Every structure is written in structure tokens, then in C-alpha cells.
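Visitor: pasting the sequence and the predicted coordinates here, then a few questions.
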Amino acid sequence: MAGRRAAIKAVDWVAFAERVPPNQKAMFNNLKTRSDAISAKLASLPEKPAPIDWSYYRKTVAKAGMVDEFEKKFAALTVPEPVDTQTAKINTQEQESNKSALDYIQASKARIVQYEQELGKFNNMIPFDQMTIEDLNHTFPETKLDKAKYPYWPHKPIADL
């Protein structure tokens with residue numbers, strides 16, 4: 001059991017709790033309580049089960065060869081341990097997630113730079129109440145009306161309205 005216990009990854013409950021939304025705190029606390037109870041129960045078990053006292057059963061059981069037969073069958077019994085087939089898949093998914101997270105972080109940093117430039121433009125522009133139409137068209141080129149191409153009001157295509 002100790003060998004298996006050592007192989008199990010420990011859960012970082014503090015980091016896990018930071019990621020839990022406030023509306024799911026009760027479910028998280030229930031999960032942690034159940035996990036702690038199972039871990040305590042597992043820790044209380046001995047590493048190897050107590051050996052069977054076959055001599056006691058030979059004295060107690062009336063049928064003579066039955067205990068010997070059970071002892072042979074028990075000695076021949078081997079319980080196969082399951083093969084871990086999912087850890088490799090999980091590790092590749094984790095690496096892909098980390099890569100996509102890093103890509104997202106880099107893209108976000110680029111957007112932050114762009115937004116800071118736009119914010120600097122807004123901080124340095126003339127206040128709206130002091131702007132003329134020419135200042136508005138210079139600061140925001142998308143507001144400029146093309147009176148030569150569209151001579152009639154609203155001076156832009158109807159589809160753009």
C-alpha cells in the first residue's frame with residue numbers, strides 16, 4: 001500500500017481552492033472532506049494484510065481437505081494490477097494546454113500594448129466639448145463623411161447605417 005500511496009500525486013488544495021468560483025465553494029468543501037476521509041481511511045490500513053492463520057481453520061473446520069484446498073488456491077491467486085494507460089494522454093493534454101495558455105498570454109500582451117496606445121491617444125486628445133468637426137475627423141477617421149462619393153445625406157451607404 002505504501003508503494004501505491006507514494007505513486008499517487010498529492011492534491012494542492014490551496015491552489016485548487018483559488019480556482020474554485022464562489023458559487024461552488026460548498027461543493028469544493030464537500031469534495032475535500034470526502035477526499036480527506038478516504039485518505040485517512042487508506043492511511044489507517046496496514047501496508048500488507050494480516051496473514052491468514054491456516055492452522056486455526058484446520059482445527060475449526062470439520063471437513064479435512066477443505067482448508068488445504070483453500071490454502072493452495074489462495075497461494076495461487078494473483079490479482080493483476082491495472083495498467084496505467086491514461087497518464088501519457090493526460091501529460092500530452094497538459095503540454096498542449098500549457099502551450100495554448102502561453103500563446104494566449106503572448107497574444108494578450110500584444111493586445112495590452114495596443115490598448116495602451118489607444119488609451120494614450122484618448123488621454124492626449126482634445127476634449128469632445130472643445131473639438132471641431134475637423135478635429136473629430138482627424139482623431140477618428142471613420143467618422144469622416146465622403147460627400148464626393150455620396151453627395152446626398154447621410155453621405156455614406158445605406159448598408160453601413
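Guide: Ah, there it is. Just so it is clear, the structure is predicted and the values come from calculations on it, not from any experiment.
Visitor: and the strands in the chain, which stretches?
Guide: For the chain, applying DSSP state E gives no strands.
Visitor: quick one: low-confidence parts of it?
Guide: For the chain, the stretches with pLDDT under 70 are 1-9.
Visitor: what about the residue lying closest to Y57 once chain neighbours are set aside, distance to A76?
Guide: Sequence neighbours aside, V67 is the residue nearest to Y57 in space, at 4.7 Å (criterion: CB to CB, 6 or more residues apart in numbering). Quick note: C-beta positions are derived from backbone N, CA and C, even for glycine. Taking CB to CB, to the nearest Å as the criterion, V67 is separated from A76 by 15 Å.
Visitor: who's more crowded, the two?
Guide: Taking other CB atoms under 10 Å, V67 and A76 do not tie; V67 has more neighbours (18 against 7).
Visitor: the more buried one contacts Y56, doesn't it?
Guide: No: with contact defined as CB atoms under 8 Å, V67 does not count as touching Y56 (9.4 Å).
Visitor: now do L31: how many residues are near it, please.
Guide: Neighbours of L31 under the rule other CB under 10 Å: 15.
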